[in-house]
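# What shape does this take:
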Amino acid sequence: MTTDAAHRKFHLALLASGAAILVWSGVVPRDRLTWVLEVMPAVVGGILLVATYRRFTFSTLVYVLAWFFAIILMVGGHWTYAEMPLGNWLRDALDLERNYYDRFGHFFQGFVPAIVAREVLLRTSPLKRGKWLFAVVVFTCLSVSALYELVEWSAAMLLGESAEQFLGTQGDPWDTQWDMFLALCGAVVAQLALAGLHDRSMRRVLTGAPPGPPDRPPGPTDGSRPAE
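Here you go, the predicted structure:
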């Protein structure tokens, strides 16, 4: 099996397992409206990744992170963020003030988009690795987080009490600010922790090269897949 074929097979496995978890999450969720609102970003994101796969194949690291974040959303949609069982267990065991599963989710709302934005910018723009790339990625993730908070606000205005589970504030007046702060932290941590791994993952998908540090950064012309 060629390296490219192995990548495709693994990506397909991620898609299939994600679809199976989506079906599970939709079976008797705690609140059907909340489930729809919570899993919608995962469904839309999955459709976009499938639709653009041949034209712009992301690195395997991006697909793994997107799969993981989709699971966070689908699990949260099934039980609601405020009632996720593991979060409740940790709250009771550690005598915490609230279920922190939503905080976990908002951290990854910055962590995962940071790697996606980093790859898009490295492969389609003149930006190179360095301070400007780091800053633009962080600002992009903050914009995504702020947009999501506006979506939550719009849902609350339109649906009233029906959107309470979707908001998941759990009585915290600073919940919105905490959500955006954690997304900021996620964007910073992702770039600091995964930059090298991300570079190698991009190189393997684009060139079929074995693992190792890239000889050069993928440039603006690297957006297309290698010829087969």
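
# Have a look at the protein and report its longest helix.
Determined from DSSP state H, the single longest helix within the chain is helix 175-207.

# which phi and psi does Arg84 have?
Arg isn't right for residue 84; it's Met. phi -60, psi 120 (degrees, to the nearest 10).

# Just give the number of residues close to the nearest residue to it once chain neighbours are set aside.
For Met84, ignoring the flanking residues on the chain, the nearest one in space by C-beta to C-beta, 6 or more residues apart in numbering is Tyr101 at 4.0 Å. Bear in mind the C-beta positions are built from the backbone N, C-alpha and C, glycine included. Neighbours of Tyr101 under the rule other C-beta atoms under 10 Å: 24.

# Now do the contacts for Tyr101.
With contact taken as C-beta atoms under 8 Å, 6 or more residues apart in numbering, Tyr101 is in contact with Gly76, Tyr81, Ala82, Met84, Leu86, Gly87.

# repeat that with 6 Å
The neighbourhood of Tyr101, defined by C-beta atoms under 6 Å, 6 or more residues apart in numbering, consists of Tyr81, Met84, Gly87.

# Now do the SS call for the last one.
Taken by DSSP: H, G, I helix; E, B strand; the rest coil, the conformation at Gly87 corresponds to helix.

# Distance of it relative to Phe104?
8 Å (C-beta to C-beta, to the nearest Å).

# neighbour-wise, which of the two wins?
Neighbours per residue, other C-beta under 10 Å: of Gly87 and Phe104, the larger number sits with Gly87, 23 against 19.

# In this structure the more buried one contacts Arg98, no?
No. Gly87 sits out of contact with Arg98 when judged by C-beta atoms under 6 Å, with a separation of 8.5 Å.

# Report how many residues lie close to Arg129.
Residues lying near Arg129 (other C-beta under 10 Å) number 13.
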